[in-house]
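A.B. asks: all I have is the shape, not the residue letters:
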């Protein structure tokens with residue numbers, strides 16, 4: 001038996017297609033896989049989201065202890081230095 005959100009068997013669901021959106025997606029995909037697009041993507045730096053996830057998830061840094069933009073900047077810099085030092089130690093093993 002198929003699951004139906006509506007118990008009425010005569011219920012018709014409407015699906016709307018954004019044709020312009022599909023055209024833009026196709027154009028974007030073509031640009032990304034073109035020779036120039038591949039060359040440009042190879043120049044991008046590695047993703048930094050993993051660094052934030054590592055600092056937040058693995059080391060439990062969820063909030064800043066200090067207040068004020070200058071102090072928060074200093075605290076974040078110390079966390080980044082610690083992260084880089086951990087990477088250096090792991091590479092040396």
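C.D. replies: Received the coordinates, thanks. Bear in mind that the values here come from a model prediction, so they are computed numbers and not experimental data.
A.B. asks: contacts, neighbours, all on C-alpha from now
C.D. replies: Fine.
A.B. asks: buried ones in the longest helix along the chain?
C.D. replies: Criterion DSSP state H: the longest helix present in the chain is helix 69-92. Counting neighbours by 16 or more other C-alpha atoms under 10 Å, one finds that the buried residues in helix 69-92 are 75, 83.
A.B. asks: let me know the average pLDDT across it.
C.D. replies: Mean per-residue pLDDT for helix 69-92: 94.
A.B. asks: got it, and stretch 39-55?
C.D. replies: 82.
A.B. asks: before we move on, back to that, which residues touch the longest helix of the chain?
C.D. replies: Contact with helix 69-92 is made by 55, 64, 65, 66, as judged by C-alpha atoms under 8 Å, 6 or more residues apart in numbering.
A.B. asks: again, only this time at 6 Å
C.D. replies: residue 66 (C-alpha atoms under 6 Å, 6 or more residues apart in numbering).
A.B. asks: stretch 10-30 too?
C.D. replies: Around stretch 10-30, nothing counts as a contact under C-alpha under 6 Å, 6+ apart.
A.B. asks: how long is it end to end?
C.D. replies: End-to-end distance of stretch 10-30 (C-alpha to C-alpha, to the nearest Å): 41 Å.
A.B. asks: distance from it to the middle of the chain?
C.D. replies: 24 Å (C-alpha atoms, centre = their mean, to the nearest Å).
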